[in-house]
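Chemist: Quick one, what's the 3D model for this:
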Amino acid sequence: MEHSLALPLLVGLVALALAFDFLNGLHDAANAIATVVSTRLLSPVQAVAFAAFGNFAAYWIVGLHVAETVGKGIINKDVVTPAVVFGALIGAMFWNVVTWLKGIPSSSSHALIGGLLGAGVAHAGLGAVESSGTIKTVVAIFLSPIIGFGIAMFLMLITSWGFRGVQPRTANATFKGLHLISSAAYSISHGGNDAQKTMGVIAVLLYSTGYLGGEFHVPEWVVISCYMAIALGTLSGGWRIIKTMGSKLTKLNHHSGFCASTAGSFVVFGASAMGIPISTTHAITGSVVGTGAARRASAVRWSVASRVIIAWFVTIPASATVGALFYLLTRLW
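Modeler: Presented below is the predicted three-dimensional model:
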């Protein structure tokens, strides 16, 4: 297949994709570190460095199933063009910036999916949508926080029962260590799922322009670049959202922090194994709320949770609209 895009333009689009990946890490730093910061297990600087390392460590642990779903399971890879990729990335980045400024933990993942759908449909109509990948992604929007909620509540109840005769100081020291381990696991799962969305976008861009020799795959340099970009973004921190996640939804301690991070890890690792580009934000938010609800319903600030839920519903339509608009703007060039 002939290369259908000038190299400087291709480099520019790859750089834009990596910028989105960086922004994803910046926006979603709260996912991995809100619990350890709010409980003072680690300082903010230590926490972001810890999470960034976990993000990159996913390179050695997590497969590339999610990258393949995003690259060829949302929009038909054979109709994707550089303009579609541009519209998708701008749509996703716009929504990320808006929610970051507002301190709302929305989903970078679904912003990208929305951008892809908006730009792809604007380019080739509804027939361009790959229903299997899109349906399982949309279903995960609703299931991931519910599953995280349920697992976190179960863990809170079973660990409370298991430690009922243990001295508070001993129990706290135990959960402190477990909290750190579970946070590391969540950081790895976060990098392993979220960085792969950008890998899929870059891979389909290279495929559509003939740089993959006609066969869809994710080159090694793309994998390493995306893990580095998201780790650097996480290192930069997303303090507004960390405040929402770590203290505004419910009060956390080492026990509930461990349960929330563990529940979130189960959900995200499971989704990655099935190739579902899940929202790590949805998974951890549902898990955090589950730990509060396990204590008592009034322990959760439901007004804050409702703002987060509204953002979940709005994310895909909003980013799809912006993605379609920016795709259409490229037609004027």
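
Chemist: so how far is stretch 55-65 from its chain's centroid?
Modeler: 14 Å (Cα atoms, centre = their mean, to the nearest Å).

Chemist: now what about it, what contacts it?
Modeler: 25, 32, 187-193, 195-196, 199, 218, 223-224, 227-228, 230-231, 234, 269, 272-275 (Cβ atoms under 8 Å, 6 or more residues apart in numbering). The C-beta positions use only the backbone N, C-alpha and C, and glycine is treated the same way.

Chemist: Restricted to helices, list those.
Modeler: When those are checked against helices (DSSP state H), the matches are 25, 32, 187-193, 195-196, 199, 223-224, 227-228, 230-231, 234, 269, 272-273.

Chemist: how about T315, secondary structure?
Modeler: helix (DSSP: H, G, I helix; E, B strand; the rest coil).

Chemist: rewinding a little: I'd like to know which of the contacts of stretch 55-65 are buried.
Modeler: Those of these that meet the buried threshold are 25, 32, 187-193, 195-196, 199, 218, 223, 227-228, 230-231, 234, 269, 272, 275, by 16 or more other Cβ atoms under 10 Å.

Chemist: which residues of the stretch 201-333 of the chain fall in strands?
Modeler: Shown for the stretch 201-333 of the chain, no strands are assigned by DSSP state E, counting those that start in this stretch.

Chemist: Pass me the low-pLDDT residue ranges in it, would you?
Modeler: Residue ranges of the stretch 201-333 of the chain with pLDDT under 70: 237-250, 298-305, 308.

Chemist: how about the helices in it?
Modeler: Taking DSSP state H, counting those that start in this stretch as the criterion, the stretch 201-333 of the chain carries its helices at 220-236, 239-243, 254-273, 280-295, 302-330.

Chemist: Distance check, V11 against L252.
Modeler: 43 Å (Cβ to Cβ, to the nearest Å).

Chemist: Among these two, which residue is more densely surrounded?
Modeler: Under the criterion of other Cβ atoms under 10 Å, the comparison of V11 against L252 puts L252 first, with 25 against 11.

Chemist: Surely the more buried one touches T35?
Modeler: Yes: assessed by Cβ atoms under 8 Å, L252 is found in contact with T35 at 5.6 Å.

Chemist: where are the low-confidence patches of the stretch 1-150 of the chain?
Modeler: Using pLDDT under 70, the stretch 1-150 of the chain drops low at 1-5, 29-32, 103-105.

Chemist: how much space between A195 and L212?
Modeler: 19 Å.

Chemist: and if you look at V201?
Modeler: Distance from V201 to L212, by Cβ to Cβ: 13 Å.

Chemist: quick one: which of the two has more around it?
Modeler: It is V201, of V201 and L212, that has more neighbours when counted by other Cβ under 10 Å, with 31 against 17.
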